[in-house]
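**Q** Mind folding the following:
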Amino acid sequence: MSRSSAIEVVNVSKNFGDYTALDHVDFKIFQNEFFTLLGPSGCGKTTLLRMIAGFETPSSGTLLLNGQEIAQMPAHKRRVNTVFQNYALFPHMTLSQNIAFGLKNLGWDKARITARVGQMLEMVHMEQFAQRKPDQLSGGQRQRIALARALAAEPEVLLLDEPLSALDLKLRQAMRDELRALQRDTGITFVFVTHDQEEALDMSDRIAVMGKGRVQQIGSPKEIYEDPTNRFVADFIGDTNFLEGEVILLDGAKATIRTALGAEITTTHQGLTGPGPATMSIRPEKIGVGDQAEGVVLTGTVRARNYMGGFTHYTVQIGEQTLRLSRRNAHSHQDSLEIGAAVQVGFRESDARVLGQ
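**A** As a prediction, the model looks like this:
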């Protein structure tokens, strides 16, 4: 079943002098979708968000909002609102006045504004603070009011520019849950910009991983993590082991690679057109140790150990190569692997991925 597009980015490029911030970017964001633009600093994600908001114009290409061309449309005429990283609340206004400000500019009558302000304060659980000023609130509370203000005018799309980056860890986790619930409750398309992979994996319906001004891959969180299309995506999303090798056989979607581990491994590949140099990726949590080693089983020596609470991370040397693996601490008195100990490690061939150079 086809889905209606909220936003279409069609072959969009953006140049700042000799610098190319976006290079022929092309994708769709669907109605009622939580869509995330994820990537490192300088990858072009914020530039793209600013184009959708109307704060930048493309050097070339087309932007559509619900089928209407908006590339040259002034920001105030787009039914798009933005939640900024620094909240951008008016410090001299109460919370109610902050939420009401944009509605007054839209020409809403007083009764409708009062009703909508009350509804939004209730939605973000801030009714009791309606007459407070922003400097009387915590960071999380200010973020809720910024969201309420942005949602009050019933935008077709809500843009969120790294809105959680200034919050502490616990509050960031709680706000992720609240954002996802708000998106589901309102049915508004959310476009979320972040460099935090955990935020993206936790909240998104789909993720566009951006790098060097281009979209490297678009997919669900599981697709992005389990089946990266190239080394950039595999490296940016989560942790992984890269092993250089030589592809000796290509058979449809399968490739056989000879790695420096001494084993020949046959598994899924991405982007290969024939035999030659390639990289194998295997996630640390896919590698078993001791009696959990299976599939491709190798013997190595523990060189490092890092206890991280729920998991302990190990570095195991196998010949001239090292593998990082993660072992879940299922019990409080679980034995650790000692540094210098000889261990068996193993992984299923199907859990590895072969990536083009």
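
**Q** Buried residues, stretch 189-202. List them.
**A** Across stretch 189-202, burial judged by 16 or more other Cβ atoms under 10 Å covers 189, 190, 191, 192, 193, 194, 195, 197, 199, 200, 201. Using the backbone N, CA and C atoms, a C-beta is placed for each residue, glycine as well.

**Q** Next, count neighbours for residue 274.
**A** Counted by other Cβ atoms under 10 Å, the residues lying close to residue 274 total 7.

**Q** when you give positions from now on, start the count at 43
**A** Understood, numbering begins at 43; the last thing we discussed is residue 316.

**Q** per-residue confidence at it?
**A** Note for residue 316: predicted pLDDT of 86.

**Q** How about the secondary structure of it?
**A** coil (DSSP: H, G, I helix; E, B strand; the rest coil).

**Q** do the one 3 residues further on as well
**A** Look at residue 319: counting by three-state DSSP, its state is strand.

**Q** Could you report the separation of it from residue 215?
**A** For residue 319, the distance to residue 215 equals 41 Å [Cβ to Cβ, to the nearest Å].

**Q** which SSE is residue 159 in?
**A** Per DSSP states H and E, residue 159 falls inside helix 152-165.

**Q** For the stretch 43-192 of the chain, which segments count as strands?
**A** Counting by DSSP state E, counting those that start in this stretch, one finds strands in the stretch 43-192 of the chain at the ranges 47-58, 61-72, 76-80, 102-107, 110-111, 122-125.

**Q** Tell me which of the ones you listed lies nearest to residue 162.
**A** strand 122-125 (12.2 Å; Cβ to Cβ).

**Q** Please name every helix or strand in contact with that closest one.
**A** Here strand 122-125 touches helix 87-95, helix 181-194, strand 199-203, going by 3 or more Cβ pairs under 8 Å, 6 or more residues apart in numbering; DSSP states H and E.

**Q** Which residues does the biggest helix by length in the chain contact?
**A** For the chain, the longest helix by residue count, based on DSSP state H, is helix 211-228. When contacts are defined by Cβ atoms under 8 Å, 6 or more residues apart in numbering, helix 211-228 is touched by residues 76, 165-166, 181-182, 185-186, 189, 193, 202, 205-206, 209, 232, 234, 241, 244-245.

**Q** Which among these count as buried?
**A** Burial by neighbour count, judged by 16+ other Cβ under 10 Å, picks out 76, 165-166, 182, 185-186, 189, 193, 202, 205-206, 209, 232, 234, 241, 245 from these.

**Q** Quickly name whichever of these is closest to residue 389.
**A** Distance to residue 389 across these (Cβ to Cβ) is lowest for residue 241, with 27.9 Å.

**Q** element containing that closest one, please.
**A** Secondary structure assigned from DSSP H and E places residue 241 in helix 239-245.

**Q** Just the CA atoms of that helix, as CSV, please.
**A** The C-alpha coordinates for helix 239-245 follow below in CSV (Å, rounded to 0.1, in the frame of the first residue of the first chain):
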residue,chain,number,x,y,z
GLN,A,239,22.5,7.2,17.4
GLU,A,240,20.7,5.9,20.5
GLU,A,241,18.0,8.6,20.3
ALA,A,242,17.5,7.8,16.6
LEU,A,243,17.3,4.1,17.1
ASP,A,244,14.9,4.5,20.1
MET,A,245,12.4,6.9,18.6
